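Student: Give the three-dimensional model of this entry:
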Amino acid sequence: MAEGGGGGFNIHPMEQFLVEPLFGGHEVSWYTPTNATLWFALTVAAVSLLMVFGSRGRQTVPSRGQSMAELIYGFVYKMVEDVTGKQGLKYFPYILTLFLFVLFANLVGLIPTSFSTTSHIAVTAVLALAVFISVTVIGFMKHGAGFLKLFWVSSAPTLALRIVLAVIEVISYFVRPLSHSVRLAGNMMAGHAVLKVFAGFAGALGLLSVVPILAITAMFALEVMVAVIQAYVFSILTCVYLNDALHPGH
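Tutor: Okay, here's the model as predicted:
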């Protein structure tokens, strides 16, 4: 929100990321319904409407909702199969769920006055940690100690180089949840902050706000594209990590 005062602009682009109680008060506890809770629920409702109710009829000539649901289903199915092979298809429901949640959370967060849940590192970190723990457990369950081959580059020419590469591989493996979560949260937060800044300029300039409004329109279109791309990136990285767990050998 922008306020003109003292001949300058007073724009606070980060205020939109504050978690606030829905029913008054100032303290937020683990049980307090907040704006984040509300938009979480709306995201789940939107996914359910599309995937459950939109495709409920399963008509020969599909409706728009059924066509969209089938398109997303087929797209994610092919992505999982291409990256992980036939072995990875048993985990397809999990990856589809991740893709749908991130996609709809990103898109719902673009509604004016909404709350972008995926712009919070607390949310994306939980998603990334769930992926990290899941693929690690899968790797050890399927291969036992053989999963550690993931960190041993046997094609390296010397033993010393293999040891150095093993240390690098271990570090990069444990950094995965951080990079996985920060990439999504950072992209969503940056885009929303820029939109807020341009909206503040448009509100402050009044009749001279044509340029900021055009910039907002262009930025909004870009943010829709970023929302879709980031859902894809989050999901395909999950597939890559899963593939490492299924085929750990270098």
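Student: Quick check, central residue of this structure?
Tutor: Central residue of the chain (C-alpha atoms, centre = their mean): V102, 4.3 Å from the mean position.
Student: So that one sits against Q230, correct?
Tutor: Yes: if you go by C-beta atoms under 8 Å, V102 and Q230 touch, sitting 7.0 Å apart. Backbone N, C-alpha and C define where each C-beta goes, glycine included.
Student: Tell me the residues that contact both of those two, please.
Tutor: Common contacts of V102 and Q230, defined by C-beta atoms under 8 Å, 6 or more residues apart in numbering, comprise T118, L184.
Student: average pLDDT for the helix ranked longest in the chain?
Tutor: Ranked by residue count, the top helix of the chain under DSSP state H comes out as helix 159-205. Averaged across helix 159-205, the pLDDT comes to 89.
Student: do the same with stretch 40-58
Tutor: Summarised as a single mean, pLDDT over stretch 40-58 is 86.
Student: what distance separates the start and the end of that stretch?
Tutor: Stretch 40-58 has an end-to-end distance of 28 Å (criterion: C-alpha to C-alpha, to the nearest Å).
Student: Identify each buried residue in that stretch, please.
Tutor: F40, L42, T43, A46, V47, L50, M51, G54, S55 (16 or more other C-beta atoms under 10 Å).
Student: do the same with stretch 83-96
Tutor: Buried residues in stretch 83-96, counted by 16+ other C-beta under 10 Å: V83, T84, G88, Y91, F92, I95, L96.
Student: Nearest to V126 among those residues?
Tutor: For those, the residue nearest V126 by C-beta to C-beta is I95; the value is 16.3 Å.
Student: Specify which member of the buried residues of stretch 40-58 is nearest to R183.
Tutor: Among the buried residues of stretch 40-58, T43 lies closest to R183 (C-beta to C-beta), at 19.4 Å.
Student: Would you check that the closest one makes contact with T118?
Tutor: No: applying C-beta under 8 Å, one finds T43 not in contact with T118, separated by 9.1 Å.
Student: Now list whatever residues contact both of the two.
Tutor: Residues touching both T43 and T118 (C-beta under 8 Å, 6+ apart): A105.
Student: burial count for P62?
Tutor: P62 has 16 neighbours, counted by other C-beta atoms under 10 Å.
Student: Just the pLDDT for it.
Tutor: Looking at P62, its pLDDT reads 74.
Student: I'd say it and E70 touch.
Tutor: Yes: the criterion here is C-beta under 8 Å, and P62 meets it with E70 at 6.5 Å.
Student: okay, and the common contacts of those two?
Tutor: S55.
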